[in-house]
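Engineer: When you get a sec, could you give me coordinates for this:
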Amino acid sequence: MAGTTFQWLEPHARSFLRIVAGFMFSLHGFQKLFGLFGGIGGSGAHAQVLSLLWVAGLLETFGGVLIILGLFTCPVAFILSGEMAVGYFRMHMPRGFWPIQNGGELAALYCFIFLYFFTAGPGPWSFDRWFRKKSK
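Structural biologist: Here you go, the predicted structure:
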């Protein structure tokens, strides 16, 4: 019973994790699309329009913002989880099997965090919840 003392906080912790993860994820998109935060490779560069990196930047920027807001959380999280899985296997796995060796820790972690949000939902602090309450 001692382990259940703070279970009532879980939905709020989920919302907080969603907001923080969405914010940090969106920064990768801002980096790719706009060259912010050092840009691609730290040179201030941004992705070429319609390139695969640019599409990833779009998903990361706008998907991250939607995750922060908790708007369309489940479908967006599913798409972003897939993006991170593809990114891991395309960019990191060829460099080695283990994420710690191939630089793919963030991609793998984001993949599973977004998979969690796909299955668990956004938590109480979300537009999804607000719209669902309003429609009842």
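
Engineer: so where is the chain shaky, pLDDT-wise?
Structural biologist: Confidence mapping of the chain against pLDDT under 70 gives the ranges 1-3, 136.

Engineer: Quick one: the helices in it, in order.
Structural biologist: 10-34, 52-69, 73-87, 99-102, 105-120, 127-135 (DSSP state H).

Engineer: so what secondary structure elements neighbour the shortest one?
Structural biologist: Helices and strands touching helix 99-102, by 3 or more Cβ pairs under 8 Å, 6 or more residues apart in numbering; DSSP states H and E, are helix 105-120. (Each C-beta comes from the backbone N, C-alpha and C, glycine too.)

Engineer: Next, the angle helix 52-69 makes with the helix it packs on.
Structural biologist: 50 degrees (axes from the mean of the first three to the mean of the last three Cα atoms, to 10 degrees).

Engineer: What residues sit buried inside helix 105-120?
Structural biologist: Leu106, Ala107, Ala108, Tyr110, Cys111, Ile113, Phe114, Leu115, Tyr116, Phe117, Phe118, Ala120 (16 or more other Cβ atoms under 10 Å).

Engineer: Likewise for stretch 90-105?
Structural biologist: By 16+ other Cβ under 10 Å, the buried positions in stretch 90-105 come out as His92, Met93, Pro99, Asn102, Gly104.

Engineer: All set, thanks.
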